[in-house]
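Undergrad: The sequence isn't on hand, but the structure is:
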């Protein structure tokens, strides 16, 4: 697979989507943890 | 029953080229992100999420917005996972139907095993996240919905009986119950009514589509009602289910769960639904075939989507503007 080829471009797109999904989940789990902790304290 | 036996014989004599079990087991093109999105059936997912939102909106009690977002995300991912596993199982017939042959697996962009793995992991993740973040009742209903769609509808009923979408329709009817359970942690009569409305809506909605897509289903051996029992019986069943659906949709108002806005709206919308169903019945010659181009069936199919959307929107709007408590 050569850089710049169609297959390379598609793999790069999938990798970016996966990275964004994982980053989104990290943020989501952090926020959920804060919300759960707050509701447990009140 | 004899119709079903005759249909089975026709299916047994199908040209092998029509349904090719070995289709697309070799990758032809590398998949893109949009191919994985297509596996999740985003259009079906949008209606599922919408009815889930309404279930949450009308439920008594409060759910933190972040937890509500997680609940909706889980419902969406669970619905998408069901779609991906359905596409894995139905890849052979999808390749032979005009409506579905452009999907990622028949096109050779995603391998069947990849779709299965993708769907199974998403299903497990959505149920686990719902259980850990929201509550066990909502997670249990989500697991039931996914299991019902895959095992009961896709694997058991779809290729065996013309009642496939009647019973299988339950899978699409669960989301408002899941939304309700996410807020309250239980199941109540109102959430069961919302389930019943979608359950009763599904047959006339799909049979209207099947009337003008009948050739596709017949070619791949899916015993949709028009294929097995003929268009005349299908038109009769559409009218019967529409007559049962209209008062059921009004019942939340009659039972005091919804206000006058919903009551009047559901009566008017139901009358239009019945009018269109009646036009589908009238649009037939002595053999039951359409007199023209199946326009009434196409109109009923399109209106049925709008109808469900408006009925559920009315339920939510009344709660949001404070017309009902």
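TA: That came through, no problem. Here the structure is a predicted model, which is why all the values come from computation and not from measurement. Numbers count the residues shown, from 1 in each chain, chains lettered A, B, ... in the order given.
Undergrad: Show me what from chain B comes close to chain A.
TA: B:30-33, B:36, B:64, B:66-67, B:70, B:73, B:133 (Cβ under 8 Å from any Cβ of the partner chain). No exception for glycine: its C-beta is placed from N, CA and C like everyone else's.
Undergrad: Recalculate using a threshold of 7 Å.
TA: B:30-33, B:64, B:66-67, B:70, B:133 (Cβ under 7 Å from any Cβ of the partner chain).
Undergrad: Would you list the buried entries among these?
TA: Listed as buried from the residues of chain B next to chain A are B:30-32, B:67, B:70, B:133; burial here means 16 or more other Cβ atoms under 10 Å in any protein chain shown.
Undergrad: which of these sit farthest apart?
TA: B:30 and B:67 (37.9 Å; Cβ to Cβ).
Undergrad: For burial, what's the neighbour tally of residue A:12?
TA: Look at residue A:12: counted by other Cβ atoms under 10 Å in any protein chain shown, it has 11 neighbours.
Undergrad: make that residue B:93, sorry
TA: By other Cβ under 10 Å, 23 other residues sit near residue B:93.
Undergrad: so it touches residue B:218, yeah?
TA: No. Proximity of residue B:93 to residue B:218 does not meet the contact threshold set by Cβ atoms under 7 Å, at 11.4 Å.
Undergrad: Setting the sequence-adjacent residues aside, check what's closest to the residue in the stretch 101-250 of chain B that chain A sits nearest to.
TA: Distances between the stretch 101-250 of chain B and chain A by Cβ to the nearest Cβ are smallest at residue B:133, namely 5.5 Å. Nearest residue to residue B:133, sequence neighbours excluded (Cβ to Cβ, 6 or more residues apart in numbering or on different chains): residue B:70, at 4.7 Å.
Undergrad: Now do the same contact list for the one you found.
TA: By Cβ atoms under 7 Å, 6 or more residues apart in numbering or on different chains, the residues touching residue B:70 are A:32, B:129, B:133-134.
Undergrad: From chain A, how far off is residue B:86?
TA: According to Cβ to the nearest Cβ, to the nearest Å, residue B:86 and chain A sit 22 Å apart.
Undergrad: and the closest residue in space to that residue that isn't next to it in sequence, how many neighbours?
TA: With Cβ to Cβ, 6+ apart as the criterion, residue B:86 has its nearest non-adjacent residue at 5.0 Å, and that residue is residue B:154. Residue B:154 sits with 21 neighbouring residues when counted by other Cβ under 10 Å.
Undergrad: Can you read off the pLDDT for residue B:154?
TA: Each residue has a pLDDT score; the one for residue B:154 is 96.
Undergrad: May I ask you to confirm that it is in contact with residue B:88?
TA: No. Using Cβ under 7 Å, residue B:154 and residue B:88 do not qualify as a contacting pair, with a distance of 9.4 Å.
Undergrad: Mind telling me what element residue A:12 is part of?
TA: According to DSSP states H and E, residue A:12 maps onto helix A:6-41.
Undergrad: pLDDT on stretch B:252-261, on average?
TA: Here the average pLDDT along stretch B:252-261 is 94.
Undergrad: swap that for stretch B:109-125, please
TA: So the average pLDDT for stretch B:109-125 ends up being 96.
Undergrad: Off-centre distance for that stretch?
TA: Centroid separation for stretch B:109-125 versus its chain: 20 Å, with Cα atoms, centre = their mean, to the nearest Å.
Undergrad: Now tell me what touches that stretch from outside.
TA: Outside stretch B:109-125, the residues that reach it (Cβ under 7 Å, 6+ apart) are B:25, B:27-29, B:31, B:35-36, B:39, B:77-78, B:80-81, B:84-85, B:87-88, B:91, B:104-105, B:146.
Undergrad: Repeat that for stretch B:311-323.
TA: Outside stretch B:311-323, the residues touching it (Cβ under 7 Å, 6+ apart) are B:50-51, B:53-54, B:57-58, B:197, B:249, B:252, B:258-259, B:261-262, B:265-266, B:269, B:324.
Undergrad: repeat that for 8 Å
TA: With contacts defined as Cβ atoms under 8 Å, 6 or more residues apart in numbering or on different chains, stretch B:311-323 is touched by B:50-51, B:53-54, B:57-58, B:176, B:194, B:197, B:249, B:252, B:258-262, B:265-266, B:269, B:324.
Undergrad: can you list the weak-confidence ranges in the chain?
TA: Let's take chain A. Residues of chain A meeting the criterion pLDDT under 70: A:41-42.
Undergrad: ah, I was thinking of chain B
TA: Ranges of chain B meeting pLDDT under 70: B:1-26, B:325.
Undergrad: and residue B:33, what does it touch?
TA: Contacts of residue B:33 by Cβ under 8 Å, 6+ apart are A:13-14, A:17.
Undergrad: Can you spell out which helices and strands pack onto the one helix or strand residue B:199 maps to?
TA: Using DSSP H and E, residue B:199 sits in helix B:189-212. Helix B:189-212 is packed against helix B:42-58, helix B:164-173, helix B:175-184, helix B:225-228, helix B:230-254, helix B:260-282, helix B:295-320, with contacts defined by 3 or more Cβ pairs under 8 Å, 6 or more residues apart in numbering or on different chains; DSSP states H and E.
Undergrad: Okay, buried residues for whichever helix or strand comes after it please.
TA: Using DSSP H and E, the helix or strand that follows helix B:189-212 in sequence is helix B:214-220. Buried residues in helix B:214-220, defined by neighbour count with 16+ other Cβ under 10 Å: B:214, B:216-220.
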